[in-house]
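1. Dropping a prediction and its sequence here:
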Amino acid sequence: MINEKLPKIWYGGDYNPEQWEKEVWDEDIRMFKLAGIDVATLNVFSWALNQPDEETYDFTWLDEQIDRLYENGIYTCLATSTAAHPAWMAKKYPDVLRVDYQGRKRAFGGRHNSCPNSPTYRKYAERMADRLGERYKDHPGVLIWHVSNEYGGYCYCDNCAASFRKWLQQKYGTLQNVNKAWNTRFWGHTFYDWDEIVPPNALSEEWEGDSTNFQGISLDYRIFQSDSLLECFKLERDALKKHTPNLPVTTNLMGTYKELDYFKWGKEMDVVSWDNYPAYDTPVSFTAMAHDLMRGLKSGQPFMLMEQTPSQQNWQPYNSLKRPGVMRLWSYQAVARGADTVMFFQLRRSVGACEKYHGAVIEHVGHENTRVFRETAALGKELGNLSYALLDARVQAKVAIVFDWENRWATELSSGPSKALDYVKEVHNYYAALFDENIPVDMIGVDEDLSKYEIVIAPVLYMVKSGYADRVKEFVQNGGTFVTTFFSGIVNEHDLVTLGGYPGELRDLLGIWVEEIDALPPEEKNQIVITNDTGSLTGTYECRLLFDIIHSEGADVLAEYGSDFYAGTPVITRHAYGKGKAYYVGTCPDQAFLTDFMKTVCAEKEIAPLLNVPKGVEVTERRKDGASYFFIMNHNASTVELEIGEGTDLLTGKELTGATSLEAYGVMIVKR
Amino acid sequence: MINEKLPKIWYGGDYNPEQWEKEVWDEDIRMFKLAGIDVATLNVFSWALNQPDEETYDFTWLDEQIDRLYENGIYTCLATSTAAHPAWMAKKYPDVLRVDYQGRKRAFGGRHNSCPNSPTYRKYAERMADRLGERYKDHPGVLIWHVSNEYGGYCYCDNCAASFRKWLQQKYGTLQNVNKAWNTRFWGHTFYDWDEIVPPNALSEEWEGDSTNFQGISLDYRIFQSDSLLECFKLERDALKKHTPNLPVTTNLMGTYKELDYFKWGKEMDVVSWDNYPAYDTPVSFTAMAHDLMRGLKSGQPFMLMEQTPSQQNWQPYNSLKRPGVMRLWSYQAVARGADTVMFFQLRRSVGACEKYHGAVIEHVGHENTRVFRETAALGKELGNLSYALLDARVQAKVAIVFDWENRWATELSSGPSKALDYVKEVHNYYAALFDENIPVDMIGVDEDLSKYEIVIAPVLYMVKSGYADRVKEFVQNGGTFVTTFFSGIVNEHDLVTLGGYPGELRDLLGIWVEEIDALPPEEKNQIVITNDTGSLTGTYECRLLFDIIHSEGADVLAEYGSDFYAGTPVITRHAYGKGKAYYVGTCPDQAFLTDFMKTVCAEKEIAPLLNVPKGVEVTERRKDGASYFFIMNHNASTVELEIGEGTDLLTGKELTGATSLEAYGVMIVKR
Amino acid sequence: MINEKLPKIWYGGDYNPEQWEKEVWDEDIRMFKLAGIDVATLNVFSWALNQPDEETYDFTWLDEQIDRLYENGIYTCLATSTAAHPAWMAKKYPDVLRVDYQGRKRAFGGRHNSCPNSPTYRKYAERMADRLGERYKDHPGVLIWHVSNEYGGYCYCDNCAASFRKWLQQKYGTLQNVNKAWNTRFWGHTFYDWDEIVPPNALSEEWEGDSTNFQGISLDYRIFQSDSLLECFKLERDALKKHTPNLPVTTNLMGTYKELDYFKWGKEMDVVSWDNYPAYDTPVSFTAMAHDLMRGLKSGQPFMLMEQTPSQQNWQPYNSLKRPGVMRLWSYQAVARGADTVMFFQLRRSVGACEKYHGAVIEHVGHENTRVFRETAALGKELGNLSYALLDARVQAKVAIVFDWENRWATELSSGPSKALDYVKEVHNYYAALFDENIPVDMIGVDEDLSKYEIVIAPVLYMVKSGYADRVKEFVQNGGTFVTTFFSGIVNEHDLVTLGGYPGELRDLLGIWVEEIDALPPEEKNQIVITNDTGSLTGTYECRLLFDIIHSEGADVLAEYGSDFYAGTPVITRHAYGKGKAYYVGTCPDQAFLTDFMKTVCAEKEIAPLLNVPKGVEVTERRKDGASYFFIMNHNASTVELEIGEGTDLLTGKELTGATSLEAYGVMIVKR
């Protein structure tokens, strides 16, 4: 349980009373109660308010708010306010301002824009955490610490450059090692002095964000910047822990956000929390994958849904409303996949600045007679009724998909073979095939223990880190099924090619040699022709993007290319290895192939869908104390008929026996 | 009359004899006479020539030119030459150079690039106006002052930052008021010292030109920059007025140009002038709207067409020729809508630099045997024949469309609900519906007296400035018809939301409450289903972009949505209010709806088309001394048959009685 | 012969042993021998290695490599290593770093990024060449000097600004001349002091790379920057020549690369070399044109194919493999058009940084059992068998196409009439029509002697340099056929318009006057209606982009426009002039027209295709010592049947008599 003081699914969200006059506060409380809200996130962006100048701290407003909420039965998720430095600080200590990718020194503005290696920022952010820890350590209303907010972005200033050099010294010891790791003899880049190394941005090695002349330095800079922000988090966390060793600390993450290696971050957080903002056209499977990924950061431990919108966002190009029922549906989707909280940005809509058209529990109209409020209040009531039933319940998956930020960075920094290769999209293709079958999946990092799984899928495992190939081999040796794809096994953790033939360290495991990799524009297709019907795989499928030219070195050839000069050569292979099997998919297949492929692989391992349900119905399972909770979620805009078997619907209390129906956007939580 | 010295429609344009050798000048005069040209704009870009260094002024070339023209019966529209600072000034006083949106200090180059808050620029621009005023105050050839040229663009330098802070102090008095107006407690932006405020650009609060974190500062900066340039205009104007209190002063504007609040500018100018440069695909209704807008800047006072091309532009992507007859047609369109001059850029094509492929009365070939010259000369003769007949004649409209630059800025700075919302396009949609019906329209600012009108249309009246709602209510109370649309009544003049339910201050007038605003990609359509046939409104129309979810609070529901979860809820409403009516259009309708809607609204007020004419024929009316002048303009590429009634065609002298025909691109001015 | 030491078609490419451990070197030699490789380019990017600090030079690694290669029968193409300055130099002497188009000072990174006017760069680059010249002047393994690598890019720093001013003083003598040449009275740009002139970039006169306010300064800056880099080349060349007056010196060019005036460069090089990197969708005729252009730089002298990929590139969006046979086919295409070498980038694939996915003779797998290696080795053997047969053989063409970089820059800097005008594309349209007919073409600069040709085609001869019109007239007078197009004869070498009617100095030659130029979006078409069937020209063709409105002043009208207001006016004209003819094409025709047009013009001159072959088969001829070598290249993916007549196929030794067949991607070299 995140905090036993509130033994239920927390319900609430970001609250900014400091933006409002006193008169509004009582009305807030009245409506929070109507909505069943029991947690409010305070102090996210109040640094300037808390510390009006270098010497002065003033928390009286915060004292008052925490007290007032607590007196009304509402707990506080207490942020540290360091997500945006004060204007006075930017003016007095410009080192807090970042230098951007274009090499431009930023001026005051925006948020999340403090240089992570700014001595001033570090000093005052840590001090703020320390003051808050000291002041509120004994307040019964505080449930959890929320450090900063949505960390992100990189800086390229001189302080970062200096810190980068120190970081490199620590990582590599000698310049010679750096030169080797980055292969600096290419293009005459040999460094003879640490100070010759400058951050890779649009003024030096990079362009267009993802293009670089030197993958090595660009990769290291991403790791370094992610680490630098993580250092900032740890500074605050440690300052808080000094005062409240038992209060959990989190910071809100952003799903598949590109710039931070969240698996490293997860290790430093007591509980993972994240902000879920699908666009109007985000596939529901993508959101599911993001939830599973966030759960995976701490090996399956339940997480917090820290933010979602009650209805509308403001920063998308087209900010559609969540259709009636969808907010509830997506809230349960989070819980279904491991969330123990349902929280919103924001409790009351702001009156000015750029988020005033972002949805809120309390809209600009200010009263409770709105569709959005009614839906929010209904959900609040439902969650209240659930009480602690689901808390700490675990999702259990026999299938894991590997997701690795460093591999992602390396893949996208690669010059060639195809600009169209998108790591997250490739991962999602596999995830979606399993999602459609309602087969539970864990999204795992490369540090995760593989022995828990029957099947491990590693799409585009371009970078194979030291020791990882051996761990995968051991997994297969012991009976596991491993699936990987084109552009795998190519480089080590420095993005240096593993010589001797692709897929490098995975070659003997997969029983193949990839001689060449063809790349064609996305509109040019080839075919996957199944030569030996295997499980659900039969006939011909389409493929595109990259086309490995493969020689079997012991692997069974399940399918061949249908056209081009490599027609008739292997495209899908399977290799028996120890007690297990290793599959290789040498191209980017259409979704029909992946569906049949995942069915086949799962069937071999006797992994079945959680339930057989109509298309568009999502099913997950959370388990706790021997009980099973099936979440059945209808993403269709129409009612579906289901055959569920016996159980109790937690939401209605109804006993289920046989056939039942589920309304459009409806949800059931069936306990067995 | 702009200047009684030349009591006719002025005919001429920009003339740069300083770019040419003496030999050419006599030829110029010969051809000007052939073309009936009687006014030449001199000295637009001659600052470097007039002031070769800080101490020296030399106007001998200008003396000679003005004299020579005057001796040949050609008057001078005398520019002040401050539209491009000299290179020596940029080198010696870099404060004249702007800092751009990206935060980069500009180098010497281009034009219209002086920082409006540069002390150097202000000092020397004012001094130049003073010298010119003194020197030419008694010259009989000078008709009007033309200050600078096409003012525009913003600067973000330190001088502007300092001036901005002073401007804010003047506007808001205290920092506390600024903090409140900009809602700076959002994202911890509270300012404690004026110097903490920095200009909002790509280094601070903004990106991509129209996106901002803080609407308040971004809006104020636009007002401030528009004001700063206006200050520059006023400095020169006042310096000139000292010497020539009775000579009119203008500067040439640019229609719907975004960056300057032309309604403020109009107030400071004796006569409005503007440059009309439609692209090859600009709808003729858009040009018409721009003319009406320019006329509206001074409440209907006739304006100057300062520039248009005789045939071709050079800076469009594809610079098509004006088809034969079109230059004449579009010249009369200007006059038809209130212009008392027809002037060109340029009288002779330059030989080098970026405008050498811009059309001119005298082309590179140098002689009069060109299509363009023949058309120009024919028009010159015609305008000569018209003499003073049309001067000062007024357009009279019972319908007004509100256009407000601050509202436009605020709308486009808004983060959400839809990136596709384009203020000018929405305004033009309504304008075009009335244009197609040949119903006269005034384009008015928010300071305009509404009692003159029967119908006032305010598309996307997002920002309702202090007192404006009351003025609209008074107008309707007294019998007026008011039409507004989705995304209206949302904010006050600081872009702070009017709480208590949309459309805010207009809610009781409109008799509705807008609970939610859905936004969908432009390709997704809904339907406007007319529930009570009203006037021409019947059946079903399409709509897109934004979809207000409306509750009637007294308004009649004329139409409902046809689909989505708000199918069957109101989309078009009409509310009886006092003696008048207030219409609300809750979405962006197709043009078919707007045509029927405008017909309906006009019919209710018994406002009929000026004439019933075939499609593609534009009709306007100017009135003077009891006479009516109907301009009938055929934009079709083929002859049309017309039934005009009695009158005299001013251009041919022909008496009209019944049916007549008008050739492709033809024009008639029928006096009644 | 480039160097008589290696009297055959050189075969090899870029080799970077310094990136590898010793162990690999022996394997390299073994495989080079298997592949028939006899030349390796060394030291391209080794500056940092050769000169680890300001005082130290260390060439021991290079000594060892050159020796080792030579001992194994492999010669060295010795680069000077100055293509990327060392990191220590960038740190110690920031003047070597460029300022970019955006005005930003670059940091260390990338390559080809030294400021060409940096005193430091010039000093140390020259010194490096001097040291290399001295050290290796007597080494028997060194075949040729390869200065720097792929020169390119512009700089806008203060050193460049100062050098630009000196360059202008040299070119123009007085500021008055500069002001006149640039027409600075336009927009008040008169300069009174040299120091007022600043480089034209995004901070001053230009935007988006090709748009400018002042064509004059922008054109001069391009010439100046091309000259500046050429100065750098000459500094190194002269330093080398001091030591090895008889060793040829080259630098590798890049075909139609925009930024350097290669005709000027060709004059300074002993032999032209270039790097051929077609994208997956580059037309084969475009590659052919590039070869012919490179051959044209030194008036037909054979050139070096310095780089091509054995199979795959890495920096294209989609890096497709060269299909089996295509590498051989394209290698022979180079030889067929004048190359006396076939060389690759790269001999061994690098292990890290951005080119590791660029194809190589030795792939990452490291052994010879790859398709790519097999094809490389087969070609090596074939070229070995050819021995010196083809060396120095000349292509002879009766048709020339004029290509001029300054004209290209001026055309693309022009503001109006159409943004869609692309000089190289227009040139290629004509080239492609001749290529399809297998009619040999020389690509010539404006300094080339015209009397060698029967037909001279100058598409878009916008800029007519001093004296050029007279030379063209003399050519036609003497019986030549001249073809030019719309937007020709417009300006002189300063981009100042030739007054008196387009096409300026070419008007009497062409017997026409172009009164107006219409420009329409690319999708809008007109028709070329043949009025007098002439040769193959008959019926109606399509045209687009620009439409000259033409008056014949003596020319025959071959075709008229089919529509628009200029329907029925001339579009294609032919003017008898002296003993010759001058054609004018007043628009951008479709390819069908150009095919028929080129057929017609060639037929009039009795210029026939080299051979009559099926579509997709390319034929060229090289001649030497009275023998004729016909290259017949099948670009089709299927076998074709040919009727070639008598001869010997050099590649197979087969005697040909009548019909023969050529396999997909096959090549024959038929000696007669």
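-> Sure, I can see it. Residues are numbered from 1 along each chain as shown, chains lettered A, B, ... in the order given.
2. so who does the residue nearest to the spatial centre of chain A touch?
-> Chain A has A:Gly255 as the residue nearest its centroid, 2.5 Å off, counting by CA atoms, centre = their mean. Going by CB atoms under 8 Å, 6 or more residues apart in numbering or on different chains, A:Gly255 touches A:274-276, A:290, A:293-294. Bear in mind the C-beta positions are built from the backbone N, C-alpha and C, glycine included.
3. cool, and A:Tyr192?
-> A:175, C:48, C:52-53, C:86-88.
4. In helices, which of the residues you listed fall?
-> A:175, C:48, C:87-88 (DSSP state H).
5. Which one of these is nearest to A:Val571?
-> Ranked by distance to A:Val571 (CB to CB), these are led by C:Ala48 at 43.3 Å.
6. what about the closest one, neighbour count?
-> With neighbours defined by other CB atoms under 10 Å in any protein chain shown, the count for C:Ala48 comes to 25.
7. A:Pro119 now?
-> By other CB under 10 Å, neighbour count at A:Pro119 equals 12.
8. what does A:Glu231 give?
-> A:Glu231 has 15 neighbours, counted by other CB under 10 Å.
9. Okay, and it sits in which element?
-> A:Glu231 is part of helix A:215-243 when elements are defined by DSSP states H and E.
10. avg pLDDT for that helix?
-> Helix A:215-243 shows a mean pLDDT of 98.
11. helices or strands next to the helix or strand following that helix in the packing?
-> Proceeding C-terminally, helix A:215-243 gives way to strand A:249-250 as the next helix or strand, assigned by DSSP H and E. Judged by 3 or more CB pairs under 8 Å, 6 or more residues apart in numbering or on different chains; DSSP states H and E, the packing partners of strand A:249-250 are strand A:142-146, helix A:215-243.
12. Pull out the buried positions in the helix or strand just after the first one.
-> The reference is to strand A:142-146. Downstream of strand A:142-146, the next assigned helix or strand under DSSP H and E is helix A:158-172. Across helix A:158-172, burial judged by 16 or more other CB atoms under 10 Å in any protein chain shown covers A:159-161, A:163-165, A:167-168, A:172.
13. Same check on stretch A:643-650?
-> Buried residues in stretch A:643-650, counting neighbours by 16+ other CB under 10 Å, are found at A:644, A:647, A:649-650.
14. again with stretch A:189-201
-> For stretch A:189-201, the neighbour count (16+ other CB under 10 Å) marks A:189-191, A:196-201 as buried.
15. check contacts around the residue in the stretch 451-600 of chain A positioned nearest to chain C.
-> Proximity to chain C, evaluated over the stretch 451-600 of chain A using CB to the nearest CB, is greatest for A:Gly501 at 4.0 Å. Going by CB under 8 Å, 6+ apart, A:Gly501 touches A:507, A:513-515, C:364-366.
16. And it, what's its pLDDT?
-> pLDDT, A:Gly501: 98.
17. Next one: it from C:Leu203, what distance?
-> 51 Å (CB to CB, to the nearest Å).
18. Residue ranges in chain A under the pLDDT threshold?
-> For chain A, no stretch has pLDDT under 70.
19. Just name the closest of the ones in helices among the contacts of A:Tyr192 to chain B, please.
-> Proximity of these to chain B (CB to the nearest CB) peaks at C:Ala87, which lies at 27.0 Å.
20. Report the residue ranges of every domain in chain A.
-> Per automatic domain parsing, the domain ranges recorded for chain A read A:83-249, A:399-604, A:617-671.
21. on that earlier part again, please check the contacts of A:Gly501 and keep the buried ones.
-> By neighbour count, with 16+ other CB under 10 Å, those hold A:507, A:513-515, C:364-365 as buried.
22. With distance to chain B and secondary structure added, can I get the residues you listed in CSV?
-> CSV is the format used below for the buried ones among the contacts of A:Gly501 (distance: CB to the nearest CB, whole Å; DSSP: H, G, I helix; E, B strand; the rest coil):
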residue, distance to chain B, secondary structure
A:Arg507, 46, helix
A:Trp513, 46, strand
A:Val514, 41, strand
A:Glu515, 44, strand
C:His364, 42, coil
C:Val365, 46, coil
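23. Name the nearest residue to A:Gln316, ignoring sequence neighbours.
-> A:Ala279 (5.2 Å; CB to CB, 6 or more residues apart in numbering or on different chains).
24. circling back: can you tell me which of the ones in helices among the contacts of A:Tyr192 has the most neighbours?
-> Tallying neighbours with other CB under 10 Å puts C:Ala48 at the head of the ones in helices among the contacts of A:Tyr192, with 25 neighbours.
25. host element of the nearest residue to A:Glu375 once chain neighbours are set aside?
-> Residue nearest to A:Glu375 in three dimensions, not counting chain neighbours: A:Met327, with 5.5 Å by CB to CB, 6+ apart. Assigned by DSSP H and E, A:Met327 belongs to helix A:326-336.
26. again, but for A:Lys452
-> Using DSSP H and E, no helix or strand contains A:Lys452.
27. so A:Gly416 makes contact with C:Asn314?
-> Yes - taking CB atoms under 8 Å as the definition, A:Gly416 is a contact partner of C:Asn314 at 3.2 Å.
28. and these two? which has more neighbours close in?
-> Comparing A:Gly416 with C:Asn314 by neighbour count (other CB under 10 Å), the higher total belongs to A:Gly416, at 22 against 18.
29. where does the more buried one land in three-state SS?
-> coil (DSSP: H, G, I helix; E, B strand; the rest coil).
30. same question, the one 5 residues further on
-> Three-state call for A:Leu421 (three-state DSSP): coil.
31. List the contacts of it.
-> Listed by CB under 8 Å, 6+ apart, the contact partners of A:Leu421 are A:411-412, A:414, A:460, A:487, A:545-546.
32. Chain C versus the residue of the stretch 401-550 of chain A found nearest chain B, what's the distance?
-> For the stretch 401-550 of chain A and chain B, the shortest gap (CB to the nearest CB) falls at A:Lys425, measuring 20.6 Å. Counting by CB to the nearest CB, to the nearest Å, the gap between A:Lys425 and chain C amounts to 16 Å.
33. Tell me which residues of the one helix or strand that residue maps to come out buried.
-> Assigned by DSSP H and E, A:Lys425 falls within helix A:423-436. By 16+ other CB under 10 Å, the buried positions in helix A:423-436 come out as A:423-424, A:426-436.
34. same deal with stretch A:443-455?
-> Neighbour-count burial for stretch A:443-455 flags A:443-446, A:448, A:450, A:452-455 (criterion: 16+ other CB under 10 Å).
35. now stretch A:367-378
-> Within stretch A:367-378, judged by 16+ other CB under 10 Å, the buried ones are A:368, A:370-373, A:375-377.
36. so what strands line up beside the next helix or strand after the helix holding A:Lys425?
-> Moving toward the C-terminus from helix A:423-436, the next helix or strand (DSSP H and E) is strand A:441-444. Strand pairing for strand A:441-444, using DSSP bridges, gives strand A:399-402 (parallel).
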